[in-house]
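> When you get a sec, could you give me coordinates for this:
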Amino acid sequence: MTHANHPCAIWARTSLANYTWLCDLALALCDEKMARWPDKKPHACRPMLEWLAANPPPAMVPTTEMTEPATAMPDEFKVPGDPVASYRRYYRHKFETGIAAYGRIPERLPRFLLSE
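Numbering: from 1, shown residues only. Here you go, the predicted model:
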């Protein structure tokens, strides 16, 4: 097992709501890949993600409310109480410094990458 104590892994296994949300997000990312590259094969992880979504761990705490997602990034990008704003700041920094690029479908460029 790798990354068992990564903040996001700990968050995901804290509750069924967190786990379910993460499965849904991962499947949506697979859908986005197919929207951007329809001529490519689906991501190899998709069947496993579908299985995980249909078979949550039996010991998972049954909850319906998500807890605030973990923010796994340097503190300088964290916005207290707002993980979405934190990740947007973090990815905007990566985009602006050239660490991450976005060019496949320019009209799908996330607006948050361009401004605060």
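> Tell me the buried residues in stretch 19-37?
Neighbour-count burial for stretch 19-37, counted by 16 or more other C-beta atoms under 10 Å, picks out 19-23, 26-27, 30, 33. Heads up, the C-betas are built off the backbone N, CA and C, glycines and all.
> what's next to that stretch, contact-wise?
With C-beta atoms under 8 Å, 6 or more residues apart in numbering as the test, stretch 19-37 has contacts from 12-13, 40, 42-43, 45-46, 49-50, 52-53, 56-57, 60, 66, 104-105, 108.
> Among those, which are located in helices?
Under the assignment DSSP state H, those contribute 12, 46, 49-50, 52-53 to helices.
> Report the two of those residues separated the most.
By the measure C-beta to C-beta, those have their two most distant members at 12 and 46, which lie 18.0 Å apart.
> which residues of the chain score low on pLDDT?
Applying pLDDT under 70 to the chain flags residues 116.
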